[in-house]
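*Asks:* only geometry, no sequence info:
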Ligand SMILES: [Zn+2]
């Protein structure tokens, strides 16, 4: 894996938000701040079309500061809000889709999201994100005394997303961007409706949070997927192999080449976790999700995982245990 922007690579390492940069002819990267110390920015992309109109990929977290940063960036590239034609999100999360609502309302920007993620947003109702309840805690075998500590949310400060996309994207739709051919590829896993966008002519692929250069994305963070989410995610990684030789424009971190290597490392990370769960279940076939999770290796240590982090660890453990118990893992480990 080779970073393709020193400015982005250095900013990521230092944990600061880098300035606007150019990726390719007519393609710009605008890092947009988000309130997360581990992940200080989303990479938003601006594409100028043949009619000099601008298309945004992943507008970013909804804030006055990000709207102002976008306005400034548009000025730098010789454009303005009234020339923004569309904004497309790779998935439903606040740090990618959040600002879309304001662009739609204030400037009539046409908003695109996968139809699967729009359905997931609709199903979420008044919750600011996927929520876990006492029903999940009971299914996971969480001891009564531990349940209260799991209840607080990751999404402090996030509002309910009420935006409805104007264009509901399906694979293999083409984005309506004059002069460019950008195709939609379904890559379920991070969310059920996560998509990657490929510009084969310019040799670019926008991966959202499906593949990231510096962390391994979480799985199953929005919408229900048919089948096991880990297996689905790993299959979606394989589906990107046709873009192994193009530059990757991810949703966080820095742009890079070497997608094949990153896909393999990401799949191996999740396979290791499933193997670990399989080993625990080998000795304790009836173990609860809580029991398995507490025996797995976590970077922060099990005791160090508090509140929403422990809840997320339990949700991830359930997916890996499911992958062992439904036989997917046997099939994969026999590959
Ligand atoms: Zn993200």
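*Replies:* Now that the structure is in, tell me what you want to look at. Everything quoted here is computed from the prediction, not taken from an experiment.

*Asks:* in the stretch 201-335 of the chain, what residue is nearest the ion?
*Replies:* When scored by CB to the ion, the stretch 201-335 of the chain has residue 209 as its residue closest to the ion, at 4.4 Å. Bear in mind the C-beta positions are built from the backbone N, C-alpha and C, glycine included.

*Asks:* what secondary structure does the nearest residue to residue 150 once chain neighbours are set aside sit in?
*Replies:* Nearest residue to residue 150, sequence neighbours excluded (CB to CB, 6 or more residues apart in numbering): residue 311, at 4.6 Å. On the three-state scheme (DSSP: H, G, I helix; E, B strand; the rest coil), residue 311 is labelled helix.

*Asks:* From residue 215, how far off is residue 311?
*Replies:* 18 Å (CB to CB, to the nearest Å).

*Asks:* ok, those two, which is more surrounded?
*Replies:* The residue with more neighbours, out of residue 311 and residue 215, is residue 311; 23 against 13, by other CB atoms under 10 Å.

*Asks:* how about the strands in the protein?
*Replies:* Taking DSSP state E as the criterion, the chain carries its strands at 2-3, 21-24, 27-33, 41-48, 54-57, 84-88, 110-114, 167-169, 183-186, 195-199, 204-208, 247-250, 256-257.

*Asks:* Could you pull up the mean pLDDT of the fifth one?
*Replies:* This points to strand 54-57. In this model, strand 54-57 has a mean pLDDT of 98.

*Asks:* ok, that strand: who's next to it in the sheet?
*Replies:* Strand 54-57 has the following sheet partners, assigned by DSSP bridges: strand 41-48 (antiparallel), strand 84-88 (parallel).

*Asks:* With distance to the ion and mean neighbour count as added columns, please give these in JSON lines.
*Replies:* Below are these laid out as JSON lines (distance: least, CB to the ion, whole Å; neighbours: other CB atoms under 10 Å):
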{"stretch": "strand 41-48", "distance to the ion": "6", "mean neighbour count": "25"}
{"stretch": "strand 84-88", "distance to the ion": "15", "mean neighbour count": "24"}
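
*Asks:* so can I have a markdown table of those strands showing distance to residue 11 and mean pLDDT?
*Replies:* Converted to a markdown table, the strands paired with strand 54-57 look like this (distance: least, CB to CB, whole Å; pLDDT from 0 to 100):
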| stretch | distance to residue 11 | mean pLDDT |
| --- | --- | --- |
| strand 41-48 | 8 | 98 |
| strand 84-88 | 23 | 98 |
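
*Asks:* so which of the ones you listed comes closest to residue 32?
*Replies:* Nearest to residue 32, of all the strands paired with strand 54-57, is strand 41-48, at 4.8 Å by CB to CB.

*Asks:* Give me the contact list for that closest one.
*Replies:* Contact with strand 41-48 is made by 8, 11, 17-18, 23, 26-34, 54-61, 70, 73-74, 77, 79, 95-96, 177, 180, 182, 206, 249-253, 255, as judged by CB atoms under 8 Å, 6 or more residues apart in numbering.

*Asks:* just stretch 161-178 next, same as before
*Replies:* 47, 49-51, 53, 55, 85-86, 88-89, 92, 94, 97-98, 100-101, 104, 110-115, 118, 121, 128, 181-186, 195, 197.

*Asks:* Apply 7 Å and report the result again.
*Replies:* 47, 49-51, 55, 86, 88, 94, 97-98, 100-101, 104, 110-115, 118, 121, 181-186, 195, 197 (CB atoms under 7 Å, 6 or more residues apart in numbering).
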